[in-house]
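Structure here, sequence nowhere to be found:
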């Protein structure tokens, strides 16, 4: 309910009618078989528009739905290792991480310590460094390796498509044949 004496009116074809009494604005809306909607209540005088309010709400929800559809949902996948995990098994885990990074997901690499293993965090740090090097062509380190209780972890994010690293090949000089 609009409770002011005069409003600035925008007509059914988006034309600026000007400042009119509220009764005339309601009459114009009734004649057009549309609704009178207050669009800017804080201005002086308030701005009202003659429109189909139901259609306006429908289009608004439709736009919001499209915006939600366009959003990308990034999942965080996790691979768990131990300091004693050997090269062979770590290869399986890094292959999964590579696939997830290519799909656009983030990968959390966690190394869990049991018992006295926690006294050698440099072993886990070296494992994390090797995994990051293996996946450097498609991923970047988002969160550096850090200790949290009895686990050490890091987060890898997919590399931006435009910022692929160019691997330079070593140039081997051939001796000149005489």
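Looks like it came in fine. For clarity, every value in this text was computed on a predicted model and none was experimentally measured.

contacting residues around the residue nearest the centre of the chain?
Nearest to the mean C-alpha position of the chain, counting by CA atoms, centre = their mean, stands residue 72 at 5.5 Å. For residue 72, the contact set (CB atoms under 8 Å, 6 or more residues apart in numbering) comprises residue 104. Yep, even glycine has a C-beta here, placed from its N, CA and C like the rest.

Then the one 5 residues further on?
Taking CB under 8 Å, 6+ apart as the definition of contact, the neighbours of residue 77 are 96-97, 100, 105-108.

Can you list the helices and strands that the lengthiest strand in the chain packs against?
Longest strand of the chain, by residue count under DSSP state E: strand 139-148. If contacts are counted by 3 or more CB pairs under 8 Å, 6 or more residues apart in numbering; DSSP states H and E, strand 139-148 sits against helix 121-134, strand 151-158.

thinking again about what came up before, apply the buried test to the contacts of residue 77 and list what passes.
The neighbour count (16 or more other CB atoms under 10 Å) marks 97, 100, 105-108 as buried among the contacts of residue 77.

what would these look like in CSV with pLDDT and distance to residue 38?
Output for the buried ones among the contacts of residue 77, formatted as CSV (pLDDT from 0 to 100; distance: CB to CB, whole Å):
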residue, pLDDT, distance to residue 38
97, 90, 55
100, 89, 50
105, 88, 46
106, 90, 45
107, 92, 51
108, 93, 50
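
Could I get the full set of helices for the protein?
Taking DSSP state H, the helices of the chain run over residues 22-31, 53-70, 87-103, 121-134.

Out of those, which gets nearest to residue 159?
Closest of these to residue 159 is helix 87-103, at 7.9 Å (criterion: CB to CB).

So, low pLDDT: which residues of the chain?
Scanning the chain for pLDDT under 70 picks out the ranges 1, 161-178.

please redo it, this time with the cut-off set to 50
Low-confidence segments of the chain, defined by pLDDT under 50: 162-175, 178.

Going by the annotation, which residue ranges form each domain of it?
The chain breaks down into these domains under automatic domain parsing: 1-53, 76-160.

so residue 48 bridges to which residues?
On the basis of DSSP bridges, residue 48 is bridged to residue 9, residue 38.
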